[in-house]
Every structure is written in structure tokens, then in C-alpha cells.
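S.K.: Pasting the sequence and the predicted coordinates here, then a few questions.
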Amino acid sequence: MRPTSASSSGLWFVPAAIRARLRPYRQIVQRVKAERPSLQGLAFGRSCFSQFGEDQFLVARFADKRDGFYVDVGAFHPFRWSNTCLLYQRGWRGLNIEPDPEALATFELHRTRDLNLQIAIANKSGEASFARSGEYAGIDGEGYLWSDREAERIKVTMRPLASVLEEHLPAGQGIDLLDVDCEGLDLEVLQSNDWQRFRPTIVLAEAHGTEGTALLTSFMESVGYQQLTRFHLTLVFEALPSGLPPHG
């Protein structure tokens, strides 16, 4: 059994004199680890937290906007593969919607300006089974992409996006960005919004396969958005100046 003092040092096998000489360097490493949230976005000499570089597009698109507002559905993590982290660092704030209680606790720690909600978004209110499986987490039902993976399943509250925005969006607050990443259920999330009342300037959503892309694009066009670009799985839409198409 390792001695208590040596175990606490993490270098129990190293002579005490050498451990003393290494202590300043270990303190530097520990300090870097403690500041990791601000460092883990450094890639190729620039800050990038998104999985496919979406945040670089968003920063360019909103270059002159330092007080923007986002709604992040299926937020997952405040830094890892986050499309909103870089915006938050630039002064933005918003709503992070994430059913996993442990993930939400991380947002509470690192996104203190944001409102963080433990809710699943669906086209109806009720209760759902949520598969906790890291980056593969999602509502366990029809359309969920990773239902064959082993995961802890918990019960979560689900509500339509329009209902959540009606309750939690600050009065008079516009939405600059709606970011959706719900593992195959992105279209259902978008369908649960009231597009006449809540019209983000930019919408990001994932589409899997040709059919999924066509369905997502068709729906967004029907509510008055055009596709600007695509980053691998992520489709980027912008609201048309004319708003919703006329009802026929």
C-alpha cells in the first residue's frame, strides 16, 4: 500500500529530493489543467471549439455583434464541440437546453451569464426516456440515431421549443442564433417552434443522410429560411428578409 504523503503527491516512486525540485513544474501543469476551458479551444493557432468549425463562421457572420443571444438545444458541453462557447467568450449570452443533469451542472459552473435548463425538446409535452451516452446522448425513441449503444437511461421532462421560449426568453429579447444538435431529432425540435413568434437570424441543425437533409431543408424553407452553407453534418440557415412565406 502506498504511503499517504507519497500518494497525495502522485509521484510516490520518486525520491523526495527530486520531487521537491519538480514541484514548481508540477504546479505549472496543474495551473494549466485548471485553466483548460480557456485552452482546449486552441487548434491550429486559433480558438475553435466546434466539431466542424461552425463557430468560426458564426464569429465572422456576427463580427460586429458583441451582445448577441443564442438558444442552444442539446447543448452537451460548455466547451467540447460547442458552437456557442466562442460567442459566449465574446460577450454573448443565451439559453442552454440539455436534459443530462451532469452536463447541465457543467454549464452552471462555466456559463454563469446563461440560463441553463434541464429539459428535452420535442413536439409535445410529457416525459421521455433519455439515453445518457456522452456525445451520443439523446431521447430514446423513434429517430434516435444511437439506440443500439449501451447507455444509462433516465426519465426527463420534454416540452416543445415554443413553450420553453415563451416561458424563459427575456421580454423583448431577439434570438440571433438557434443551435440544434439532438442526434437525429433535430427536425422534430425545429417543428416544435413557433416560427411566427420566435425567428432566429441564423439556425444551425444537423442532418444525417440525403433524405434527412432534404426534409430539414424543405421544412426550413417552408418557414422562411434559406440555406447558406454546410459544415459536414451541420446545415446553416438564415432568415429571409421577407419573413414567412404567405399562407396559401
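M.R.: Yep, it's here. As the structure is a computational prediction, the values presented were derived from the model and not from experiment.
S.K.: what sits against the residue nearest to the spatial centre of the chain?
M.R.: Most central in the chain under C-alpha atoms, centre = their mean is Ala75, positioned 2.6 Å from the mean C-alpha point. Residues counted as contacts of Ala75 (C-beta atoms under 8 Å, 6 or more residues apart in numbering) are 82, 84, 96-98, 103, 107, 116, 179. All C-beta spots, glycine's among them, are computed from the backbone N, C-alpha and C.
S.K.: next one: Gly212
M.R.: For Gly212, the contact set (C-beta under 8 Å, 6+ apart) comprises 184, 187.
S.K.: how would you label it: helix, strand or coil?
M.R.: Gly212 falls in the helix class when you classify it by DSSP: H, G, I helix; E, B strand; the rest coil.
S.K.: Quick one: mark the members of the contacts of Ala75 that sit in helices.
M.R.: When the contacts of Ala75 are checked against helices (DSSP state H), the matches are 103, 107.
S.K.: Throw the contacts of Ala75 into a markdown table and include pLDDT and distance to Thr217, thanks.
M.R.: As requested, the contacts of Ala75 are arranged in a markdown table below (pLDDT from 0 to 100; distance: C-beta to C-beta, whole Å):
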| residue | pLDDT | distance to Thr217 |
| --- | --- | --- |
| Ser82 | 95 | 24 |
| Thr84 | 97 | 23 |
| Asn96 | 98 | 26 |
| Ile97 | 97 | 23 |
| Glu98 | 92 | 26 |
| Ala103 | 90 | 29 |
| Phe107 | 96 | 30 |
| Asn116 | 98 | 30 |
| Asp179 | 98 | 17 |
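S.K.: any idea which of the contacts of Ala75 is closest to Leu169?
M.R.: For Leu169, the closest of these turns out to be Ile97, at 11.6 Å, with distances computed as C-beta to C-beta.
S.K.: My understanding was that the closest one contacts Thr84; is that so?
M.R.: No - contact criterion C-beta atoms under 8 Å: Ile97 and Thr84 do not qualify, at 11.4 Å.
S.K.: joint contacts of the two?
M.R.: Common contacts of Ile97 and Thr84, defined by C-beta under 8 Å, 6+ apart, comprise 72, 75.
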